[in-house]
Structures are given as structure tokens and as C-alpha cells.
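Undergrad: any chance you could fold what I've pasted below:
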Amino acid sequence: MSYYSRVLSKDPEFPAFEDLLAKIAVDHPEFKLSLESGDEDEWESLLLSSLDNVEVALLERLPVTPGSVGEDMIADFIEDTREAQPESAAVWLAEYLAEVQTIYAIQHLQGAFTEDGSNALHALRSLLWERGDAIIQADNEGFTNEDGYHILWQFSDSVVGPWNMGILQDETWYHFTMDLGDPDHREAFLSGEVPLDITPIQGAGAGL
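TA: Residues are numbered from 1 along each chain as shown. Next up is the predicted model:
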């Protein structure tokens, strides 16, 4: 099954192909970006690959417009997370998703599972996310807030290790790193609380 991560943006405008191309060329010169569909002014999909043509990622731009694939995807996300935990984050996410206007869907291909390929893919994704008014979604992981901290529990029950998380309380995000495998950390997070043995960093307000 294909693995995807996505940038979900409130901005209908999208970065120019030449800007993305130039950034990859400078920061990751061993990789290249090429047009797969559309044209340079209205690109629809781009292919990230190594100079020796190992495919790393396919990036698709999906506008969220009436009757579009993007609109259907947003509707599915809202339905799938309606009863997710913590409840405060699920409510915030539904409101946020309703304002998303562009989805950048990134299919992770063979080259994404090498260190250099992964770095290039994450750089491309960051270019899209860091434009602002955007969150990230990844299969088997879930959604972030605009600061890049995960806000819902959508991991498998067997997951372990440190992860950067965010809890929404009184319209303010609190950020911290928890041990996903620690039952006390997990219980606190699902309840919408910061684990007792962790001191969080207060983030920005959660206004939409």
C-alpha cells in the first residue's frame, strides 16, 4: 500500500515550480524536481528523484473546490477524526480542515527510504508547510498543528519512542515530547492533559 504525507493549507495560492526547483537544486543538489502533469505556471504534479533517476516522491497539488478530489479528501478526514482523542484537538481540527483550500499530497516512493532521499523529501514538504497557514498529515501518524506538533492519537497500539505532541487547553497549545509507549503518558494525552512528569512549552493561541 502506498504511503502518503500531506500538507493541508488554507492558502489557495501555490509556490511557483521554478522556486521549488531552485530550492531543491541549492539545498539538495544530488536530487532534481521535474514536471509530471500541468505546466510550469499551473503545475499539478511533480516528481522528486535522484540524479541517477531513483524516484523519491510524487507531489500532487489538489485544490479544495466543489466536487473535487480535494473536497472529498477533506470530508473523509473530518469524518475519520470526529471521535478521535483528545476531543479538544478533534474539534479544533474539524474547524481547521473546513478552511483548507489546497492539499499537497506526497507519495513516498522507493528513494524516500534512504537517508538522503528522506532528507530531500522532508525539505520539499517543509517548503510547502513553512509558507504558513498549514498543517501536516501523515499516514499511520496523524495530524499536526501549525507548529508541527502532533495533536491526535492515530498511532498503532504497539508504537514506542519519543514524539513531539501538542495539547490544546483553553485555546492555547502546550507542546512537549512524550514517550508513545509509556502508558501514563498515553493516558494523559488521550485525556487532553500534559503528562505529570513533563514540563510543556506554551505555544501560540489556537485561533483559526
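
Undergrad: tell me which residue is most central in this protein.
TA: By C-alpha atoms, centre = their mean, the chain has its centre lying nearest to I136, at 1.6 Å.

Undergrad: dump the residue contacts of that residue.
TA: S5, R6, V7, L8, R125, W129, F143, T144, G148 (C-beta atoms under 8 Å, 6 or more residues apart in numbering). Any C-beta I mention is one placed from the backbone N, CA and C, and that applies to glycine too.

Undergrad: all the helices of this structure, residue numbers only.
TA: Secondary structure of the chain (DSSP state H): helices located at 17-27, 69-80, 87-97, 115-129, 183-190.

Undergrad: how many neighbouring residues does G161 have?
TA: For G161, the count of nearby residues is 8 (other C-beta atoms under 10 Å).

Undergrad: ok, now the one 3 residues further on?
TA: Residues contacting N164 under the criterion other C-beta under 10 Å number 13.

Undergrad: you'd agree it is up against H175?
TA: Yes: using C-beta atoms under 8 Å, N164 makes contact with H175 at a distance of 6.9 Å.

Undergrad: report the beta-bridge partners for the closest residue to L109 other than its chain neighbours.
TA: Spatial nearest neighbour of L109, excluding adjacent residues (C-beta to C-beta, 6 or more residues apart in numbering): E55 at 4.3 Å. Beta-bridge pairing of E55, defined through DSSP bridges, involves S49.
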